[in-house]
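1. sequence plus the predicted model coming up.
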Amino acid sequence: MSTERTGLLYEGKSKRVSETTATDRVISQFTDDATAFNGVKYAEIAGNGVMNAQLSAFFMDLLAQNAVKHHLIAVLNDTDQLCERVDVMRVVVVVRNIVAGSFARRNGIEEGQALPVPLVELFVKSDPLDDPLIGHDAAVALGLAQPWELRLATDQALLINQVLRDFWAERDVDLVDVKVEFGRTSNGMPVLVDELLPDGCRLWERGTGRKLDKDVFRRNPGDLAETYREVVRRATGGAP
Ligand SMILES: Nc1ncnc2c1ncn2[C@@H]1O[C@H](COP(=O)(O)OP(=O)(O)OP(=O)(O)O)[C@@H](O)[C@H]1O
Ligand SMILES: [Mg+2]
């Protein structure tokens, strides 16, 4: 029996997530919308949804081959993906290899310094609060996640970081940082959810420092489509 869309569950900044005839599954549709700074900067970029869907599925697949559990069940077409329905954790995990972005600003240091070991930071998933940094104990005290869930999510995030970092290193690109979301499946286990895109990472070309990620859009939206086409070419070796 095929799984059909029923109602819209969530319309976000880059995807439309719908309920389906199977109560434990959703369909995630990647749209052409691109935003930055929590939606303050917005553009519709032709082909963005298709490229994002292709990239996210490609990296989910790569991670599954490396023992990372994720929500993607099947690619339905260019933009739509069938996923396990989850209870999204309100804590987002960021792993950093090189100083950049909010870590540089918050600590008053320049971007670009390599960190001695990958560093994990937790953020609250909250648009009104602009996703603030939160400590492990505070996340537990506020009931956002159980200690064992944070341990599991942190271990998985470090593994994801390692796999993606090695993948990009072979292509002469540094994975500077990566942001991942987790959700609880029907049996309560946290798995990787949402998406895996240059939107949620920083990728810097070795030697030139060329940025192949969302920072391009933050500075000049017009260049995003070309940059993402370049990421698809480098990642998959094929035409976008
Ligand atoms: N398998 C899933 N089951 C249920 N919800 C999911 C699943 N995967 C992703 N989501 C949620 O659906 C929404 C996807 O939309 P999108 O990524 O466009 O949102 P967003 O605007 O970035 O907002 P957010 O800051 O909440 O991610 C997110 O809130 C995400 O956590
Ligand atoms: Mg999102």
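-> The structure has been received and is ready for your questions. Residues are numbered from 1 along each chain as shown. Ligands and ions are numbered 1, 2, ... in the order given.
2. shouldn't residue 209 be within a strand?
-> No. Checked against DSSP: H, G, I helix; E, B strand; the rest coil, residue 209 lies outside a strand; its state is coil.
3. separation between it and residue 179?
-> Using C-beta to C-beta, to the nearest Å, one obtains 21 Å as the distance from residue 209 to residue 179. For every residue, glycine as well, the C-beta is placed using N, CA and C.
4. ok, the two, which is more surrounded?
-> Between residue 209 and residue 179, residue 179 has the larger neighbour count (other C-beta atoms under 10 Å), namely 20 against 10.
5. any idea what the more buried one is bridged to?
-> residue 94 (DSSP bridges).
6. list the contacts of residue 156.
-> The contact partners of residue 156, taken as C-beta atoms under 8 Å, 6 or more residues apart in numbering, are 68, 69, 180, 182, 190, 192.
7. I'd like to know which of the residues you listed are buried.
-> Buried by 16 or more other C-beta atoms under 10 Å: 68, 180, 182, 190, 192, out of these.
8. the residue in the chain positioned nearest to ligand 1: how many residues sit nearby?
-> Across the chain, the shortest distance to ligand 1 (C-beta to the nearest ligand atom) belongs to residue 12, at 2.1 Å. Using other C-beta under 10 Å, residue 12 has 15 neighbouring residues.
9. please apply the same query to residue 154.
-> Residue 154 is flanked by 17 other residues according to other C-beta under 10 Å.
10. that one is in what secondary structure piece?
-> Counting by DSSP states H and E, the element that carries residue 154 is helix 147-169.
11. one more: residue 58?
-> In the assignment (DSSP H and E), residue 58 maps to helix 48-64.
12. name every strand pairing with the next helix or strand after that helix and say which way it goes.
-> Later in the chain than helix 48-64, the nearest helix or strand by DSSP H and E is strand 72-75. Note on strand 72-75: by DSSP bridges, its sheet partners are strand 80-84 (antiparallel).
13. pull the distance from the strand it pairs with to the chain's centre.
-> Distance of strand 80-84 from its chain centroid, counting by C-alpha atoms, centre = their mean, to the nearest Å, is 15 Å.
14. heads up, I number from 328, so please use that
-> Okay, residue one is now 328; in that scheme the one you just asked about reads as strand 407-411.
15. what comes up buried for it?
-> 407, 408, 409, 410, 411.
16. great, nothing more from me.
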